[in-house]
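# build the 3D model from these lines:
(one chain, ligands or ions: 1)
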Amino acid sequence: MPDPATGMLPGETPAPAVPHPSGPLPTRLLPDSAGVSAEGRLTLAGVDVVELADEVGTPVFVYDEEHLRARCREAREAFGSRVAYASKAFLCKAMARLAYEEGCCIDVATGGEMAVALAAGVPAERLVLHGNNKSVEEIEAAVSAGVGRIVVDSFGEIDRLASLHAGGAAGAALPSVLVRVTPGIEAHTHEYVMTGQDDSKFGFGLASGAAAEAVERLTRPGSGARLVGIHAHIGSQIFSLESFDRELSVLGPFFAGLGLEELCVGGGLGVAYVGGEEAPTISQWAGAVRQAARAAGIGDHIVLSAEPGRAVAAAAALTCYRVGTVKELPGLRTYVSVDGGMSDNPRPVLYGSGYEAFLPREVLAQRPRTVTVVGKHCESGDLLVRDAAVPSDLAVGDILATPVTGAYGHSMASNYNKVPRPPVVFVADGAWRVVVRRETYADLMALDQ
Ligand code: LLP
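As a prediction, the model looks like this:
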């Protein structure tokens, strides 16, 4: 366990201000319950990670359950009872249940995510349905289940709500809805995960007047919905709280005149993936949002909500792989091939995202060797860590781990090359349990007719 005063693990020396590229893994990238055994091996909540990986097999996503719970509690305390965990970051029944138990609503962006959350026993009233292309079936399912909030994204959807209502198919209760607004600001993040700019497939533009028109149409009698608030989401993996300042300064004047009860600022808080990166905490984010809201004329009686995904789940997990092949190309590079790859973590390929790598058998070892960690897929782009610092004695057969893989890893996993998706293990109180089992070859053929 880290020392509560310094945050350091037993045996760890203070990190230099700028981490040395060949130094040990910065342990603040590890989940909260990480520790180091007497033999120098990684433990999570008292469980030896190498032993776990040997037993469950690799690759495997290993989550620190208490870390997930602590972040959900922090979000709930910071933003209040309407805060939603964005389940696209990582979802399975155990996760939906956990977020609900810790007081969060669940943001579901599709009928599939909604089905998982409902199957987990989360009451429909605690769900928020998103999506820029919700089908009639998805809207109907949400309304008849009694989903707590629907975030309306297009005029077509407003029409669908009205005709559902007129047709009486959805029953008498009107769904509570928020209008998703694109505030016309560009957050400092990767282009693919930016969503607040005018040119976006999401929401109603503020500058064009579309947002005002959506509000007007939803407040007409017979709209089939009860408009309760405004929603905006400006992007993901945002480090600078100033982006949220700008979001609120644009939304404030629009929201102020509407007399609505809720303003949701979306998700998007960034996390540190590699040494040298610093991200605000969820509480700091909430503090900045509240302050910016006040400055934008939004009174304290307004429910300010948010939808963190990555900030809850990313640092809670690490992925363990087994090293299968080491190929040294003299004068070029050393390729270390592991038994997963872009099918369990497509982020390096999609966004050029960086990760650290380390050996759980010697967590605090120096990492003087630079290698390229690649997967087992049939393409050169199948890269996990381009220039990974690893210990000099890394060898075939080792368990190699990448930290901060709890968000948008398992949830974006694929079966490319018919590679079965890895299992998900939760670790807590000295014990572990499989919450999603490993896919089998039979699973891969289950849908074939
Ligand atoms: N709310 C809405 C409406 C969103 O679209 C998203 C993320 C979130 C909340 C949660 O954002 P977070 O707190 O996790 O940043 N696959 C990309 C990230 C895509 C994010 C999509 N929307 C990645 O791996 O970086």
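# would you agree residue 328 is in contact with residue 336?
No. Taking contacts as C-beta atoms under 8 Å, residue 328 lies outside contact range of residue 336: 9.9 Å. Every C-beta, even on glycine, is put in place using the N, C-alpha and C of the backbone.
# who has more neighbours, these two?
residue 336 (27 against 11; other C-beta atoms under 10 Å).
# for that one, give its distance to residue 61.
20 Å (C-beta to C-beta, to the nearest Å).
# is the residue in the stretch 51-200 of the chain positioned nearest to the ligand in a bridge, and if so with what?
Ranked by C-beta to the nearest ligand atom, the top residue of the stretch 51-200 of the chain for proximity to the ligand is residue 86, at 3.4 Å. As for beta bridges, residue 86 partners with residue 107 under DSSP bridges.
# my read is that it contacts residue 308, right?
Yes. With the criterion set as C-beta under 8 Å, residue 86 and residue 308 qualify as a contacting pair; they are 6.4 Å apart.
# if I look at those two, which residues touch both of them?
Here residue 86 and residue 308 share the contacting residues residue 267, scored by C-beta atoms under 8 Å, 6 or more residues apart in numbering.
# can you pull the residues of the stretch 1-150 of the chain lying near the ligand?
With the criterion set to C-beta under 6 Å from any ligand atom, the stretch 1-150 of the chain comes near the ligand through 86, 88-89, 107, 130.
# using a markdown table, lay out those together with distance to residue 290, neighbour count and pLDDT.
Shown next, in a markdown table, are those (distance: C-beta to C-beta, whole Å; neighbours: other C-beta atoms under 10 Å; pLDDT from 0 to 100):
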| residue | distance to residue 290 | neighbour count | pLDDT |
| --- | --- | --- | --- |
| 86 | 20 | 30 | 98 |
| 88 | 25 | 21 | 98 |
| 89 | 23 | 25 | 98 |
| 107 | 20 | 29 | 98 |
| 130 | 23 | 27 | 98 |
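# what's opposite the nearest residue to residue 142 once chain neighbours are set aside in the beta bridge?
Beyond its immediate neighbours in the sequence, the residue positioned closest to residue 142 (C-beta to C-beta, 6 or more residues apart in numbering) is residue 129, lying 4.7 Å away. The bridge-partner assignment for residue 129, based on DSSP bridges, gives residue 108, residue 150.
# where does residue 129 land on pLDDT?
Looking at residue 129, its pLDDT reads 98.
# just give me the neighbour total for it.
28.
# what's the span of stretch 124-132, first residue to last?
Taking C-alpha to C-alpha, to the nearest Å, stretch 124-132 runs 20 Å from one end to the other.
# and it, which residues are buried?
By neighbour count, and taking 16 or more other C-beta atoms under 10 Å as the criterion, the buried residues in stretch 124-132 are 124, 126-131.
# and the two most separated of the residues of the stretch 1-150 of the chain next to the ligand?
Spanning the widest gap among these are 89 and 130, at 12.9 Å by C-beta to C-beta.
# which residues touch stretch 379-389?
Counting by C-beta under 8 Å, 6+ apart, stretch 379-389 makes contact with 21-23, 321, 336, 338, 340-342, 345, 348-349, 354-357, 367-376, 402, all of which sit outside it.
# now residue 338: phi and psi?
Reported as degrees, to the nearest 10, the phi and psi values for residue 338 are phi -110, psi 170.
# what about the stretch 101-250 of the chain, any weak spots by pLDDT?
Scanning the stretch 101-250 of the chain for pLDDT under 70 picks out 169-172, 188-196.
# ok, which stretches of it are strands?
Ranges of strands in the stretch 101-250 of the chain, per DSSP state E, counting those that start in this stretch, are 105-108, 127-129, 149-152, 176-182, 204-205, 226-231.
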